[in-house]
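Undergrad: Here you go, sequence then predicted model.
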Amino acid sequence: MQLGTLTPLKAFEAVSPVDWAFAAAAMLLTYAVLTGVLRLAVGRFGALSRRMKSQAAGMIVEVLGATRHFVLLVAALLIGLKMLDLGDRWDTAIVHGWTVLFCLQLALWVNRAVSVWSTRRLRHRESVPDNPVIVTMTAWTVRVLAWAVLLLAMLANFGVNITAFVASLGIGGVAVALAVQNVLSDLFASLAIGLDKPFEVGDFIVFGEVAGTIERIGLKTTRIRSLSGEEIVCGNTELLKNTLHNYKRMVERRIVFTFSVSYHTVPDKLARVPEMVKAAVQASDKTRFDRAHFKQFGTSSLDFEVVYFVLSPDFNLYMDLQQDINLALMRAFLKADIRFAIPASVQYFAQAPEPPEAAAVVH
């Protein structure tokens with residue numbers, strides 16, 4: 001009787017004890033060699049990474065760290081079984097075992113490589129770190145594709161018709177996409193945020209009645225810390241529908257303010273006011289004066305308009321500078337005897353005429 005026609009149990013019983021001993025020795029030797037090679041490779045690449053400051057070598061060390069010892073043990077077992085004459089059925093099973101083992105370990109390596117890559121891309125460096133949305137979605141996509149391809153490869157190796165399987169997955173994917181279209185809309189909106197970068201974590205934005213700092217950009221929602229302290233959660237799709245004001249990206253702040261002086265101020269003193277304003281604005285090296293003009297005749301005052309730039313987007317700095325300018329103008333006007341206008345109004349009261357009877361009594 002040929003070994004190929006024996007049952008699996010009979011095939012094992014047909015092997016002599018000497019062959020089993022050689023197979024066990026081969027398995028132990030193979031496992032020792034594989035673990036030794038792995039340890040040597042990790043040590044060499046680790047030394048190279050420390051000596052050359054090589055990120056590639058460091059990444060190889062971390063990827064090799066994903067090698068599982070049970071995978072090496074099973075690989076050694078398959079090599080030991082291959083040395084035995086167990087028949088065609090066992091030879092086919094060993095080939096399938098190699099395929100499954102290789103695909104599993106390759107998927108683990110890819111998964112670890114993606115994790116290392118995404119961690120390094122998100123790590124804060126001297127330069128601006130990559131957008132977390134793009135990194136997260138890229139890592140997630142690579143993981144899904146890697147596991148899907150390896151799963152299909154294993155199924156094809158076992159004789160499964162993957163063409164029909166892939167077609168059914170496509171139909172199911174369309175159905176799922178229709179069912180979760182709102183989620184997918186936010187998902188693609190997060191992708192648009194990552195690519196176009198209208199804002200990033202740490203930016204201060206204003207839209208509608210919301211004003212706050214971006215704390216986290218997720219795959220479906222963006223979390224904003226408002227000025228009053230609460231956390232605002234906004235869907236990415238709804239967020240992109242609004243016109244956003246990103247104050248974090250201001251290079252400088254343009255300031256326009258007005259003030260009024262009394263109508264009792266003589267023209268010669270009015271002509272000196274723009275120079276006083278200019279001197280007050282230029283007293284700081286963090287401002288750039290633009291203009292100051294006697295703008296109009298108001299109802300009860302003479303109105304001036306001033307425009308200058310604060311060379312920083314910092315709001316607190318702007319308020320400090322505006323306070324200094326206001327105080328400087330008050331001192332200059334006090335010295336020049338120029339008075340700020342006080343809103344005033346004149347009211348006229350009409351007196352009712354006396355009745356004819358009262359007038360006759362008087363006469």
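TA: Looks like it arrived, so ask away. Residues are numbered from 1 along each chain as shown.

Undergrad: Strands of the protein, residue ranges please.
TA: Using DSSP state E, the strands assigned to the chain run over residues 204-207, 210-217, 221-226, 231-235, 245-246, 253-261, 287-297, 302-310.

Undergrad: low-scoring stretches of the stretch 251-363 of the chain, by residue?
TA: 344-363 (pLDDT under 70).

Undergrad: same check, this time on the stretch 1-150 of the chain
TA: Ranges of the stretch 1-150 of the chain meeting pLDDT under 70: 1-15, 85-88, 122-134.

Undergrad: now the strands of the chain as TSV including mean neighbour count and distance to Ile60?
TA: Where C-beta positions appear, they are placed from N, C-alpha and C, glycine not excepted. TSV is the format used below for the strands of the chain (neighbours: other C-beta atoms under 10 Å; distance: least, C-beta to C-beta, whole Å):
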stretch	mean neighbour count	distance to Ile60
strand 204-207	19	41
strand 210-217	17	31
strand 221-226	18	36
strand 231-235	14	40
strand 245-246	14	40
strand 253-261	15	49
strand 287-297	15	53
strand 302-310	19	51
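
Undergrad: between those, which gets nearest to Leu77?
TA: Across the strands of the chain, Leu77 has its closest neighbour in strand 210-217 (47.0 Å, C-beta to C-beta).

Undergrad: before we move on, back to that, can you redo the strands of the chain as a markdown table with distance to Pro267?
TA: As requested, those are exported to a markdown table (distance: least, C-beta to C-beta, whole Å):
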| stretch | distance to Pro267 |
| --- | --- |
| strand 204-207 | 43 |
| strand 210-217 | 44 |
| strand 221-226 | 50 |
| strand 231-235 | 53 |
| strand 245-246 | 42 |
| strand 253-261 | 12 |
| strand 287-297 | 10 |
| strand 302-310 | 10 |
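
Undergrad: Which of those sits closest to Leu104?
TA: Distance to Leu104, taken as C-beta to C-beta, is lowest for strand 210-217 among the strands of the chain, at 33.9 Å.

Undergrad: Touching, Phe207 and Leu240? I think so.
TA: No - counting by C-beta atoms under 8 Å, Phe207 does not reach Leu240; the two are 9.9 Å apart.

Undergrad: roughly how far apart are Leu187 and Asn242?
TA: Counting by C-beta to C-beta, to the nearest Å, the gap from Leu187 to Asn242 is 19 Å.

Undergrad: So for the two, which sits in the more crowded spot?
TA: Remark: of Leu187 and Asn242, Leu187 carries more neighbours, 18 against 13, as counted by other C-beta atoms under 10 Å.

Undergrad: right, and the more buried one touches Gly235 too?
TA: No - taking contacts as C-beta under 8 Å, Leu187 lies outside contact range of Gly235: 10.7 Å.

Undergrad: Overlap in contacts, the two.
TA: Shared contacts of Leu187 and Gly235, defined by C-beta atoms under 8 Å, 6 or more residues apart in numbering, comprise Lys220.

Undergrad: Among the strands of the chain, which comes closest to Leu72?
TA: Short answer: strand 210-217, nearest of the strands of the chain by C-beta to C-beta, at 40.5 Å.

Undergrad: what comes into contact with that closest one?
TA: Contacts for strand 210-217 (C-beta under 8 Å, 6+ apart): 131-133, 190, 193-194, 199-205, 222-227, 231-232, 234, 236.

Undergrad: try stretch 279-286
TA: Outside of stretch 279-286, the residues within contact range by C-beta under 8 Å, 6+ apart are 287, 289, 292, 306, 308, 310-312, 317, 321, 324-325, 328-329, 332.

Undergrad: What are the buried residues along that stretch?
TA: 280-281, 284 (16 or more other C-beta atoms under 10 Å).

Undergrad: need the contact list for Val71.
TA: Applying C-beta under 8 Å, 6+ apart, the residues near Val71 are 101, 104-105.

Undergrad: want to try TSV for those residues, with neighbour count as columns?
TA: Output for those, formatted as TSV (neighbours: other C-beta atoms under 10 Å):
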residue	neighbour count
Leu101	17
Leu104	16
Gln105	18
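
Undergrad: Just put these in CSV and tack on distance to Leu38.
TA: Listed next are the contacts of Val71 as CSV, based on distance: C-beta to C-beta, whole Å:
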residue, distance to Leu38
Leu101, 15
Leu104, 16
Gln105, 11
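
Undergrad: Closest one of those residues to Trp117?
TA: Gln105 (18.6 Å).

Undergrad: Might one say that that closest one is in contact with Phe70?
TA: No - using C-beta under 8 Å, Gln105 makes no contact with Phe70, being 10.1 Å away.

Undergrad: now, the most widely separated pair of the contacts of stretch 279-286?
TA: Ser312 and Ala332, at 24.9 Å, using C-beta to C-beta across the contacts of stretch 279-286.

Undergrad: Tell me which stretches of the stretch 51-200 of the chain form helices.
TA: Ranges of helices within the stretch 51-200 of the chain are 55-64, 69-82, 88-122, 132-157, 162-179, 181-196, based on DSSP state H, counting those that start in this stretch.

Undergrad: got the angle between the first one and helix 88-122?
TA: Orientation of helix 55-64 against helix 88-122 (axes from the mean of the first three to the mean of the last three C-alpha atoms, to 10 degrees) gives an angle of 140 degrees.

Undergrad: Which neighbouring elements make contact with helix 55-64?
TA: helix 17-52, helix 88-122 (3 or more C-beta pairs under 8 Å, 6 or more residues apart in numbering; DSSP states H and E).

Undergrad: now for these, which one comes closest to Met250?
TA: Met250 lies closest to helix 88-122 among the helices and strands packed on helix 55-64, at 26.1 Å (C-beta to C-beta).

Undergrad: picking that back up, with the buried residues of stretch 279-286 in mind, which one is nearest to Gly46?
TA: Nearest member of these to Gly46, counting by C-beta to C-beta, is Ser284, at 55.1 Å.
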